[in-house]
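*Asks:* Task: produce atomic coordinates for the following.
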Amino acid sequence: MATRILPLELIDKAIGSQIWILMRGQTEIVGTLRGFDDYVNLVLDDAVEYAPDPREGGRIVKTELQSEILLNGNHVAVLVPGGSGPPEDSMAATS
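*Replies:* Coordinates of the predicted model:
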């Protein structure tokens with residue numbers, strides 16, 4: 001029988017490593033996970049945001065965030081521990 005792991009335990013194992021976060025909407029963020037709480041509010045370092053620019057027809061804009069950031073857990077849709085971000089052939093990677 002497989003060993004059970006709880007969601008917060010999985011996130012805890014990802015502290016200090018890179019994580020790919022898909023937010024509600026169309027924003028994706030890649031960064032180093034520094035901490036989290038029971039509400040899955042996340043603290044990240046060295047984060048890069050991939051988001052559509054509504055002024056340019058939805059073209060994906062890559063923004064390097066220069067400081068530590070806090071993400072509200074209510075807006076997190078998917079966490080990919082060890083994920084490196086959008087695949088090379090995706091719209092986000094081609095911008």
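
*Asks:* Once you drop chain neighbours, what's closest to Thr63?
*Replies:* In space, and not counting its chain neighbours, Thr63 is closest to Glu49: 4.6 Å by C-beta to C-beta, 6 or more residues apart in numbering. Yep, even glycine has a C-beta here, placed from its N, CA and C like the rest.

*Asks:* Which parts of the strand or helix carrying Val43 count as buried, going by neighbours?
*Replies:* Applying DSSP states H and E as the criterion places Val43 in strand 42-53. For strand 42-53, the neighbour count (16 or more other C-beta atoms under 10 Å) marks 42-44, 47-52 as buried.

*Asks:* picking up where we left off before, who's the residue nearest to Thr63 bridged to?
*Replies:* Listed by DSSP bridges, the beta-bridge partners for Glu49 are Ile29, Thr63.

*Asks:* what's the pLDDT at it?
*Replies:* With respect to pLDDT, Glu49 scores 94.

*Asks:* same thing with Glu88?
*Replies:* For Glu88, pLDDT reads 65.

*Asks:* And for Met91?
*Replies:* pLDDT for Met91: 52.

*Asks:* And the helices in the protein?
*Replies:* 7-13 (DSSP state H).

*Asks:* Any idea which residue is closest to the centre of it?
*Replies:* By C-alpha atoms, centre = their mean, the chain has its centre lying nearest to Ile21, at 2.1 Å.
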